[in-house]
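Chemist: What would the 3D arrangement of this be:
(one chain, ligands or ions: 1)
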Amino acid sequence: MKFFVDTADIAEIKALAATGLLDGVTTNPSLIAKSGRRILEVIKEICAVVPGPVSAEVAATEYDQIMREADVLRRIAGNVAVKVPLTPDGLRACRTLSGQGTMVNVTLCFSAAQALLAAKAGATFISPFVGRLDDIGQDGMLLIADIVQIYRNYPVLKTEVLVASVRHPIHVIEAAKLGAHVATLPPAVLRSLYNHPLTDKGLATFLADWAKTGQQIVETGST
Ligand code: G3P
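Modeler: Below you'll find the predicted structure:
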């Protein structure tokens, strides 16, 4: 499973990229607003740090304007994935952009029918929002199961399931069990995947016992 980070905070992205476990980045208009920075500048910086796909979202809702904005965004760097909303105009733009060889992430997906349309439109990624479905009392993970099953039934569909609106590690594990291709995680959730109290406790014991030996692991001289 690929891990993307869902943020426009360049310091966070640099720190997470240094782990060697980061495969890409997703942003959205809310995350760009939170960064307080200009979209073109921040996406350019992110693309220079992370070689994998970097999703940059259009703000337009009408086809011609979506295409104009998409053209600006995809010219930032070769690893930009243009993010478009799951609307008729958004999917029309998806079809055109993917036909031109541009990666497209179709966002704001809340149903299997929408995901099927996005795949037929040639989306590189479909972004179902699991957390926002959970928030309204629907099971977001059932949507992931449905989409994965549908896409598997039609190998001609190459769209990757990018699980978005992830709130906690259980979302990540459940999505991985279902075979979703990608999860985009807020930085705190990505970091939390490392944690287990028994790891901390075990390490503390090993270090204390090691200190008692008075040893150091170093090359011994051969004189
Ligand atoms: O970037 C799209 C998605 O991950 C947003 O998540 O937490 O705002 O529902 P959230």
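Chemist: Now do the same for the biggest helix by length in the chain: mean pLDDT, whole number.
Modeler: Counting residues, the longest helix found in the chain (DSSP state H) is helix 197-213. In this model, helix 197-213 has an average pLDDT of 98.
Chemist: Can you give the distance of that helix from its chain's centre?
Modeler: 35 Å (Cα atoms, centre = their mean, to the nearest Å).
Chemist: which ones are touching the residue nearest in space to the middle of the chain?
Modeler: The centroid of the chain falls nearest to residue 184 when counting by Cα atoms, centre = their mean (2.8 Å). Applying Cβ atoms under 8 Å, 6 or more residues apart in numbering, one finds that residue 184 lies in contact with 3-6, 24, 26, 127, 162-164, 166. All C-beta spots, glycine's among them, are computed from the backbone N, C-alpha and C.
Chemist: can you tell me which of these are up against the ligand?
Modeler: Near the ligand, judged by Cβ under 6 Å from any ligand atom, the entries from the contacts of residue 184 are 6, 26, 164.
Chemist: got those as TSV, with neighbour count and secondary structure columns?
Modeler: TSV is the format used below for these (neighbours: other Cβ atoms under 10 Å; DSSP: H, G, I helix; E, B strand; the rest coil):
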residue	neighbour count	secondary structure
6	21	strand
26	26	strand
164	28	strand
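Chemist: Run through the residues of this protein sitting next to the ligand.
Modeler: 6, 26, 28, 129, 131-132, 164-165, 184.
Chemist: Try it again at 8 Å.
Modeler: 6, 26-28, 30-31, 55, 107, 127, 129, 131-132, 135, 164-167, 184, 186 (Cβ under 8 Å from any ligand atom).
Chemist: Go ahead and build a PyMOL selection from the buried members of those.
Modeler: The following PyMOL line selects those of the residues of the chain next to the ligand that are buried, judged by 16 or more other Cβ atoms under 10 Å:
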select buried, resi 6+26+27+28+31+55+107+127+129+164+165+166+167+184+186
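Chemist: Just the ones in helices from the residues of the chain next to the ligand, please.
Modeler: Those of these mapping onto helices are 30-31, 131-132, 135, per DSSP H.
Chemist: okay, among these, which ones form the most distant pair?
Modeler: Farthest-apart pair in these is 31 and 135; separation 17.9 Å (Cβ to Cβ).
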